[in-house]
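**Q** dropping the sequence and predicted coords here.
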Amino acid sequence: MNLFTDIRALVLDSLAAMTDAGALPAGLDTANVAVEPPRDAAHGDMATNAAMVLAKPAGMKPRDIAAVLAARLEGDARIARVDVAGPGFINMTLADGVWHAVLRRVIEAGTDFGRSTIGEGSRVNVEFVSANPTGPLHVGHTRGAVFGDALASVLDFAGYEVTREYYINDGGAQVDVLARSVYLRYLEANGQDVAFEDGTYPGDYLIPVGQALAAQYGDALVGKPEAEWLDDLRDFATDAMMHMIRDDLAALGVEMDVFFSEKSLYGTGRIEAAIESLREKDLIYRGVLEPPKGKRPEDWEPREQTLFRSTAHGDDVDRPIMKSDGAWTYFAPDIAYHHDKLSRGFDLLIDVLGADHGGYVKRLKAAVSALSGGRVPLEVKLCQLVKLWRNGEPFKMSKRAGNFVTLRDVVDQVGPDVTRFHMLTRKNDAALDFDFAKVLEQSRENPVFYVQYAHARVCSVMRKAREAGVDVDDAALAAADMSGLGHSAELALARKLAEWPRLVEVAARTGEPHRVAFYLYDLAGDFHSLWNLGHDEPALRLLQEGDTATSQAKIALARATAVVISAGLGILGVKPAEEMR
């Protein structure tokens, strides 16, 4: 039940009736007619731009259209009042019974309330995290993991078929460095003194990997030339790192559907096939690029390269795909990887990347556009940095990782629920401050506590109602007489609940799961306001002693609030609290 969709349908039906009556010319395009919350809640519950949108194509004044449309809208039982404002905006106030019906629908649907079908029939691939398998996930990966997982969840809630995917960067030189670093830990496990040179990974997390290697090989590899152990250690170390990464993701509550290995693209003809696909479209050629901006002529050595004509698909410059020695550039396997995604039949690709990949966006979009013939869009979501603090002071680095704070450092200190919610309290492309002390505060200033406390309060009042003999099962609450719910604070809460289905669709369409966190905070605020009013106005208390019918109606409002909070937290990957400690 999306009340905004329902009222928009009413507006469109009214416009059609006006056309039939000759009040509007035939053939008007109503695609841009919208029904939304008014900017000022004092103006009503919903507003439509219909008169403004249709005035020019109809050759009429907006207020003339609005006057006739308003009269028709007022004839619907759901509409209590219609006002024409300014040049022709129409503000509508809905009847109280509409909000009561929303509460029943929420309780009856449970946490499925707000699910949408806008994505029905569309398959989406969301690739996120995709960290190099050279060490534990750090706090930047944490934000990307939470964002990507929540984005996938809100898309799923909106009806899309979603695949969560992790691209394992195990085909580059960094995996060789990892193997050499593990070999040093292996030598260490065999009693030798070692020194970690620049370019190796000195973190303590490789100590158990070296020990495991020693347990398997003994001292058989000690003193052996690199050529004899590099390939085996590369696989051994990568497997160990990916096991650790999977454990880290599990601690955060993230489960991937697919782990795709970059290495699987090499030596299998898959890169060649992707490049050939572009060559057939005359998008691969030999040429010389202009010197990069900021390079002095004497620093630039022009040379002929194999290039992808990415400028034909919106990029700033064409991109090399092969080095002068015949080896592929790092971009070539990325092209092949996205070619593979397209071959799996996705209708939309979403890549969640760190902010440092901003310069890579246009070439990726160009590649997908070229490979799919413009049929499949690629959306790239960049996650900005996370700044860690404790009581206003920068948080120190992790000894285990060597030079950064790990995902586990964060989760172990504050828990996965707090971590996930707080990572979504800012839009993904805005920097985020994470203070270990503040995120655990029990105050309104802490969004996750504020939302969890609202849910726990509902659970508490329902327990007390049951102890008082009030039937608060969902069937009883949905059947309750809610006509007495007419206080402005009660109706404000019901109105907020009615916004949930629309919010889901907006968050899915924009790819902005932070909207869910913001909405939950506002919803919790409306509930807490109603709760606090009950301290001074006994008639607003949820449990009315000796009045079962009134108690059920008021608790129905609270129960509906808890249902939507639970659904929203589910999208964010956060468990709702039944009591606060």
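**A** Cool, got the structure.
**Q** spatially nearest residue to F395 (excluding sequence neighbours)?
**A** The spatial neighbour of F395 that comes closest, neighbours along the chain excluded (CB to CB, 6 or more residues apart in numbering), is L388 at 3.7 Å. C-betas here are computed from N, CA, C, even on glycine.
**Q** how many residues are close by that neighbour?
**A** With neighbours defined by other CB atoms under 10 Å, the count for L388 comes to 20.
**Q** how about the secondary structure of it?
**A** strand (DSSP: H, G, I helix; E, B strand; the rest coil).
**Q** for it, name its beta-bridge partners.
**A** Judged by DSSP bridges, the bridge partners of L388 are F434.
**Q** which helix or which strand is home to the nearest residue to L348 once chain neighbours are set aside?
**A** In space, and not counting its chain neighbours, L348 is closest to V124: 4.6 Å by CB to CB, 6+ apart. According to DSSP states H and E, V124 maps onto strand 123-127.
**Q** paired strands for that strand, with orientation please.
**A** strand 161-168 (parallel), strand 348-354 (parallel).
**Q** now the helix or strand following the first one: how far from the chain's centre is it?
**A** Remark: after strand 161-168, the chain's next helix or strand is helix 173-189, criterion DSSP H and E. In terms of CA atoms, centre = their mean, to the nearest Å, the gap separating the centre of helix 173-189 from the centre of its chain is 36 Å.
**Q** residues making contact with the helix or strand bottoming out on mean pLDDT in the chain?
**A** Here the helix or strand of the chain ranked lowest by mean pLDDT, DSSP states H and E is strand 393-394, holding a mean of 86. Strand 393-394 has contacts (CB atoms under 8 Å, 6 or more residues apart in numbering) with 387-388.
**Q** next structured bit after it?
**A** Note on strand 393-394: by DSSP H and E, the next helix or strand toward the C-terminus is helix 407-414.
**Q** and that following helix, which residues are buried?
**A** The neighbour-count check on helix 407-414 (16 or more other CB atoms under 10 Å) flags 407-411, 414 as buried.
**Q** so which elements touch it?
**A** Under the contact criterion of 3 or more CB pairs under 8 Å, 6 or more residues apart in numbering; DSSP states H and E, helix 407-414 touches helix 139-157, helix 226-252.
**Q** domain parsing for this protein?
**A** Following automatic domain parsing, the chain resolves into domains at 3-94, 173-243, 443-572.
**Q** now tabulate the ones you listed in CSV and tack on mean neighbour count.
**A** Output for these, formatted as CSV (neighbours: other CB atoms under 10 Å):
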stretch, mean neighbour count
domain 3-94, 17
domain 173-243, 17
domain 443-572, 19
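**Q** now for those domains, which one comes closest to V102?
**A** Comparing the domains of the chain by their distance to V102 (CB to CB), the top pick is domain 443-572, with 4.6 Å.
**Q** for that closest one, measure first residue to last.
**A** This stretch, domain 443-572, spans 20 Å end to end (CA to CA, to the nearest Å).
**Q** picking up where we left off before, closest one of the buried residues of helix 407-414 to L485?
**A** For these, the nearest to L485 is V414 (37.7 Å; CB to CB).
**Q** pretty sure that closest one sits against E441.
**A** No - V414 is beyond contact range of E441, at 11.1 Å (criterion: CB atoms under 8 Å).
**Q** thinking again about what came up before, out of the strands paired with strand 123-127, nearest to L24?
**A** It's strand 348-354; of the strands paired with strand 123-127, that one is closest to L24 (CB to CB) at 36.3 Å.
**Q** state the next helix or strand along the chain beyond that closest one.
**A** helix 361-372.
**Q** which strands and helices sit next to that next one?
**A** By 3+ CB pairs under 8 Å, 6+ apart, helix 361-372 packs against helix 270-279, strand 305-308, helix 331-343, strand 348-354, strand 378-383.
**Q** and that helix with helix 270-279, angle?
**A** Between the axes of helix 361-372 and helix 270-279, defined by axes from the mean of the first three to the mean of the last three CA atoms, to 10 degrees, the angle is 80 degrees.
**Q** the helices in the stretch 451-581 of the chain, which residues?
**A** Along the stretch 451-581 of the chain, counting by DSSP state H, counting those that start in this stretch, helices occupy 474-478, 488-498, 500-510, 514-536, 548-572.
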